[in-house]
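after the sequence you'll find the predicted model.
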Amino acid sequence: MPGQAQPSQKSFESAIWSVLSRLDPARPVFVESESKKIGALRVPDALIMAMRASPCIRLEVPLAARVKLLSEDYAHFLHDPEDINSCLIHLADLRGHETIAEWQALANRQAWPELVAALLEQHHDPAYFKSLARNYAPSPADWSFHTDDLSAGGLQQLAREILASI
């Protein structure tokens with residue numbers, strides 16, 4: 001979160017251990033796929049290995065629903081074009097100056113849904129799918145679910161469907 005420092009590595013690992021130690025090993029644990037690093041912190045190798053060896057639940061969600069959810073969850077980023085533009089410039093080496101200029105123009109117009117959609121389609125999704133293919137290869141044990149509704153009620157319904165299926 002902006003303005004909030006990340007915990008130390010030791011605190012991060014202690015928090016993970018605290019949560020994991022309270023779980024029932026006979027019941028499934030659901031975690032979001034992550035890379036080895038979350039900001040400057042490293043997910044413990046044993047946890048990453050366990051995550052990558054486990055069956056996956058793949059969610060298929062239309063772009064419009066994802067844009068709506070992310071625009072709500074990350075609204076703190078979508079208020080000041082100057083702030084966002086200073087962050088976007090760091091992606092120039094990955095996405096090119098022309099693409100960054102297009103994204104910055106969207107930010108300057110405060111065209112937030114269009115900017116979020118462009119960032120998803122042109123930056124996040126390609127990198128995310130490449131990482132998934134490398135680290136979470138599809139398996140016959142995987143499940144796939146589709147939803148258009150990422151509201152609290154829609155997510156609760158999706159969770160019920162997932163739990164009923166596994």
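Okay, I see it.

isn't Leu59 up against Phe145?
Yes - in this structure, Leu59 is within contact of Phe145 by C-beta atoms under 8 Å, at 5.7 Å. C-beta coordinates here come from the backbone N, C-alpha and C atoms, glycine included.

intersection of neighbour lists for the two?
Contact criterion C-beta atoms under 8 Å, 6 or more residues apart in numbering; residues bridging Leu59 and Phe145 by contacting each: Leu158.

tell me the SS of the residue lying farthest from the centre of the chain?
Farthest-out residue of the chain from its mean C-alpha position, per C-alpha atoms, centre = their mean: Ala26, at 27.0 Å. Of the three states, Ala26 takes coil according to DSSP: H, G, I helix; E, B strand; the rest coil.

wait, a strand at Phe30?
No - if the criterion is three-state DSSP, then Phe30 is coil and not within a strand.

which residue is the nearest non-sequential neighbour of it?
Ile57 (7.2 Å; C-beta to C-beta, 6 or more residues apart in numbering).

over to Leu106?
Nearest non-adjacent residue to Leu106 (C-beta to C-beta, 6+ apart): Leu115, at 4.1 Å.
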